[in-house]
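>>> sequence below, structure please.
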Amino acid sequence: MSIFRRRRTPKPEPVRWVKVAFSRYPPEAEMLANMLAELEIPVIVRRATMDVPDMLAGGPRELLVPADRVLEARALIDPMEPIDDGAGDPPRGAPESSG
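Residues are numbered from 1 along each chain as shown. Sure thing, here's the model as predicted:
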């Protein structure tokens, strides 16, 4: 064993990014990204289509946030939309199963 051997540090788990919003125009995407950044939610804005020279910097954008912050981000972006976290009551108006 050498005293100059480096310690192996465990690698952090890779962050899984999830799409939470879609915008047709870059200014709209930047506005949403700034809203998320104010609450310290990391966000990535990326092009939703291929790069077209005629559009220059325009075109649709997707907003991505880490998987563990999705519910917060969706609640901020669209507060009127019900959040389905996978566990809970069936949606309103859904037929109840009897039996």
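>>> what's the model's confidence in the longest helix seen in the chain, averaged?
With DSSP state H setting the assignment, residue counts place helix 26-38 as the longest helix in the chain. Helix 26-38 shows an average pLDDT of 92 in the prediction.
>>> how far does whichever helix or strand comes after that helix sit from its chain's centre?
Following helix 26-38 in sequence order, the next helix or strand is strand 44-47 (DSSP states H and E). Distance of strand 44-47 from the chain centroid (CA atoms, centre = their mean, to the nearest Å) equals 10 Å.
>>> with stretch 44-52 instead?
15 Å.
>>> circling back to that earlier point, off-centre distance for the longest helix of the chain?
Distance, centroid of helix 26-38 to centroid of chain: 12 Å (CA atoms, centre = their mean).
>>> what about stretch 41-50, average pLDDT?
87.
>>> same question, stretch 9-23
89.
>>> ok, and for that stretch, which residues are buried?
Judged by neighbour count using 16 or more other CB atoms under 10 Å, the buried positions of stretch 9-23 are W17, V20, A21, S23. The way it works is simple: take the backbone N, C-alpha and C, and place the C-beta from them, glycine included.
>>> quick one: which of these sit in strands?
Using DSSP state E, the subset of those located in strands is W17, V20, A21, S23.
>>> quick check, nearest of those to R69?
V20 (8.8 Å; CB to CB).
>>> adding distance to D68, write the buried residues of stretch 9-23 out as a markdown table.
Shown next, in a markdown table, are these (distance: CB to CB, whole Å):
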| residue | distance to D68 |
| --- | --- |
| W17 | 11 |
| V20 | 12 |
| A21 | 17 |
| S23 | 23 |
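>>> relative to L39, which of these is nearest.
V20 (12.9 Å).
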